[in-house]
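1. Give the three-dimensional model of this entry:
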Amino acid sequence: MRVHDTESLTLSGSVVAIGAFDGVHRGHQTVIREMVRKSHLEGVPSVVYTFDPPPRAYSQGAQILTSSDEKIQRLKNLGVDHVIMAKFDENYMKRSAGDFIRELHMIHPRAVMVGNDFRFGNKRAGDVSLLKEHFTVQPVRPVCCPDGERISSTRIRELMMQGKQDQALPLLGWM
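-> Have a look, this model is predicted:
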C-alpha cells in the first residue's frame, strides 16, 4: 500500500472511499472491504481518501480514536492499495468544492463511496448530489449493531467518555 499527499496520485481508474475513518471501526471496515471488493471486480486500484487530523478533531476538538499511523496500518490490513492523506487545516478548509472534484478526477474513479451526509469544500458547499454530477456515487448505508444502533466514531467517543469501554471496544472491532 502506498500513502500519498493530496494531488500527488494519478490513476487511470480507481474505486474510492472518502471519509475521516477515525477509529477504522466495524462500520468503516464494512465500507472499506466493499470498496476493495468492487475495485477487484473493476480491475482497478482501491483508494481511501482520508484526513489528518479528522475534520471533527480539527474543528470541534473531538478526541482522535486512531493516530494516522494506526489508521494507515488498519487500512493496509484491509487490503487497500492507496491512501490519500489530506492534511486537514485552515488552508484545506478554504478549498472549494470544485477543487476537491478536480482532485478526484486525477484518479478517475469508477465509483465513489461516501456516507449519505458527506459534505466537502469551503463551508461544506459540496454534497453527494454535486459528486453525482461528476462521478458514479455509491452512498454507503450505515452499519448497525445487533441492537439496531448505528456504529459511528461519535458514538464510540461518547461511550469511551462515559467510561463504557466494554461497549465501545466491540464497535471498533480490532481491539
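2. what's next to stretch 48-58, contact-wise?
-> 16-22, 32, 35, 62-64, 68, 71, 75, 80, 82-89, 92, 104, 153-154 (Cβ atoms under 8 Å, 6 or more residues apart in numbering). C-betas here are computed from N, CA, C, even on glycine.
3. now stretch 82-90
-> Contacts for stretch 82-90 (Cβ under 8 Å, 6+ apart): 1-6, 8-9, 11, 14, 45-55, 58, 68, 72, 75, 92, 107.
4. Quick one: buried ones out of the contacts of stretch 48-58?
-> Buried members of the contacts of stretch 48-58, counted by 16 or more other Cβ atoms under 10 Å: 16-22, 32, 35, 62, 64, 68, 71, 75, 80, 82-86, 88, 92, 104, 153.
5. Of all residues in this structure, which one is nearest the centre?
-> Nearest to the geometric centre of the chain sits Gly19, at 2.2 Å (Cα atoms, centre = their mean).
6. Off-centre distance for the strand or helix carrying Ile101?
-> Per DSSP states H and E: Ile101 is located in helix 97-105. Relative to its chain's centre, helix 97-105 lies at 16 Å (Cα atoms, centre = their mean, to the nearest Å).
7. in it, what counts as buried?
-> Neighbour-count burial for helix 97-105 flags 97, 99-101, 103-104 (criterion: 16+ other Cβ under 10 Å).
8. what does stretch 41-55 give?
-> Judged by neighbour count (16+ other Cβ under 10 Å), stretch 41-55 contains these buried residues: 44-55.
9. Which residue, neighbours along the chain excluded, lies closest to Ser152?
-> Leaving aside its sequence neighbours, Ser152 sits nearest to Gly27 (Cβ to Cβ, 6 or more residues apart in numbering; 6.7 Å).
10. contacting residues for the one you found?
-> Residues counted as contacts of Gly27 (Cβ under 8 Å, 6+ apart) are 142-143, 150-152, 171.
11. Go through the strand or helix carrying it and flag the buried ones.
-> With elements taken from DSSP H and E, the one containing Gly27 is helix 26-42. Buried residues in helix 26-42, defined by neighbour count with 16+ other Cβ under 10 Å: 26-32, 34-36, 38-39.
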